[in-house]
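[1] just to be clear, the model below is a prediction. Sequence and coordinates:
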Amino acid sequence: MTAQPSKDPLHGITLEALLTTLVERYGWAELAKHVNINCFKSDPSIKSSLKFLRRTPWARKEVEALYIDSLQDVQHAETAPADNPWANWQSKKPSER
């Protein structure tokens, strides 16, 4: 009997990995617009943000929700080019155009 994979998108993701992914995707300024907390606005760092998020359940839930939404955006972006006939035009060699 094999174990079924978890359907929880946060399963196996540490808070640090989640936050690092969001910072790489949005940057601190944009992240602060999505989740209005001071640790994202004033001298932001992964370390200080982790400390705050671990002590503040409502803020952690908002950050986790943003992460889940960003995963859905990435999945949507990966499937969208198939609908767009111009999506891969740059990948062709000049002689093929």
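    Structure received.
[2] list the buried residues of the host helix or strand of Trp28.
    Here Trp28, judged by DSSP states H and E, is contained in helix 15-34. Neighbour counts over helix 15-34 (16 or more other CB atoms under 10 Å) mark 15, 18-19, 22-23, 26, 28, 31-32 as buried. For glycine as for every other residue, the C-beta is placed from the backbone atoms N, C-alpha and C.
[3] go on, stretch 50-69?
    Of the residues in stretch 50-69, those buried (16+ other CB under 10 Å) are 50, 52-53, 59-60, 62-64, 66-67.
[4] ok, and what's touching that stretch?
    With CB atoms under 8 Å, 6 or more residues apart in numbering as the contact definition, stretch 50-69 has outside contacts at 9-10, 13, 15-16, 18-19, 21-22, 31, 34-35, 37, 39.
[5] okay, the longest helix along the chain in PDB with CA atoms only?
    The longest helix of the chain (DSSP state H) is helix 57-79. Only the C-alpha atoms of helix 57-79 are listed here, as PDB (Å, rounded to 0.1, in the frame of the first residue of the first chain):
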ATOM      1  CA  PRO A  57      -1.100  33.700  13.100                       C
ATOM      2  CA  TRP A  58      -3.300  36.100  11.100                       C
ATOM      3  CA  ALA A  59      -0.200  37.500   9.200                       C
ATOM      4  CA  ARG A  60       1.100  34.000   8.600                       C
ATOM      5  CA  LYS A  61      -2.300  33.000   7.200                       C
ATOM      6  CA  GLU A  62      -2.300  36.000   4.800                       C
ATOM      7  CA  VAL A  63       1.200  35.100   3.600                       C
ATOM      8  CA  GLU A  64       0.300  31.500   3.100                       C
ATOM      9  CA  ALA A  65      -2.800  32.500   1.100                       C
ATOM     10  CA  LEU A  66      -0.700  34.700  -1.100                       C
ATOM     11  CA  TYR A  67       1.700  31.900  -1.700                       C
ATOM     12  CA  ILE A  68      -1.100  29.500  -2.700                       C
ATOM     13  CA  ASP A  69      -2.600  32.200  -5.000                       C
ATOM     14  CA  SER A  70       0.900  32.700  -6.600                       C
ATOM     15  CA  LEU A  71       1.100  28.900  -7.200                       C
ATOM     16  CA  GLN A  72      -2.200  29.100  -9.100                       C
ATOM     17  CA  ASP A  73      -0.900  32.100 -11.100                       C
ATOM     18  CA  VAL A  74       2.200  30.200 -12.100                       C
ATOM     19  CA  GLN A  75       0.200  27.100 -13.200                       C
ATOM     20  CA  HIS A  76      -2.100  29.400 -15.200                       C
ATOM     21  CA  ALA A  77       0.800  31.100 -16.900                       C
ATOM     22  CA  GLU A  78       2.300  27.700 -17.800                       C
ATOM     23  CA  THR A  79      -0.800  26.600 -19.500                       C
END
